[in-house]
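A.B. asks: Kindly return the folded structure for what I paste below:
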Amino acid sequence: MKLTVNGKEEEVVELDFEIKREDWNEYILLDGGTCRVRLVVSKIFRVLDENGQPTWNQDGSPNFAITSGNMVVSKA
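C.D. replies: Now for the predicted structure:
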């Protein structure tokens, strides 16, 4: 399957996953309100090279791509 990753079309394989934890980031606004944000991953892909083998970043970590959305909750 092909997917555009950082502006480049890459070969990827979708991985099954289990959610272990999805934490909220909470921000205190200068007007006294709060804003809570949480990243919610919907799909995880392993990026493959031209031979179908997994690719690695320069630091040696595996190369993944995700599709995700954000949940936002705010209080005045």
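A.B. asks: Every contact and neighbour count from this point should use C-alpha atoms.
C.D. replies: Fine.
A.B. asks: And for residue 46, the neighbour number?
C.D. replies: Residue 46 has 19 neighbouring residues, counting by other Cα atoms under 10 Å.
A.B. asks: Going by secondary structure, residue 9 is in what exactly?
C.D. replies: strand 8-15 (DSSP states H and E).
A.B. asks: Show me the longest strand that occurs in this protein.
C.D. replies: The single longest strand within the chain, with elements called by DSSP state E, is strand 34-48.
A.B. asks: Give the rounded mean pLDDT of that strand.
C.D. replies: The predicted model assigns strand 34-48 a mean pLDDT of 97.
A.B. asks: got the CA coordinates for it in PDB?
C.D. replies: What follows is strand 34-48, C-alpha atoms only, in PDB (Å, rounded to 0.1, in the frame of the first residue of the first chain):
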ATOM      1  CA  THR A  34      -7.800  25.600  30.800                       C
ATOM      2  CA  CYS A  35      -7.400  23.600  27.600                       C
ATOM      3  CA  ARG A  36      -6.900  19.900  27.500                       C
ATOM      4  CA  VAL A  37      -5.700  18.100  24.300                       C
ATOM      5  CA  ARG A  38      -5.300  14.500  23.500                       C
ATOM      6  CA  LEU A  39      -3.800  12.800  20.400                       C
ATOM      7  CA  VAL A  40      -5.900   9.900  19.200                       C
ATOM      8  CA  VAL A  41      -4.200   7.500  16.800                       C
ATOM      9  CA  SER A  42      -6.400   5.700  14.300                       C
ATOM     10  CA  LYS A  43      -3.900   3.800  12.200                       C
ATOM     11  CA  ILE A  44      -0.200   2.900  12.500                       C
ATOM     12  CA  PHE A  45       2.000   2.100   9.400                       C
ATOM     13  CA  ARG A  46       5.500   0.700   9.100                       C
ATOM     14  CA  VAL A  47       7.400   2.400   6.300                       C
ATOM     15  CA  LEU A  48       9.100  -0.100   3.900                       C
END
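A.B. asks: which other residues reach the strand holding residue 9?
C.D. replies: Applying Cα atoms under 8 Å, 6 or more residues apart in numbering, the external contacts of strand 8-15 come out as 1-4, 43-50, 52.
A.B. asks: Tell me which two in the residues you listed are the farthest apart.
C.D. replies: Maximum pairwise distance in these, criterion Cα to Cα, is 21.8 Å, between 43 and 50.
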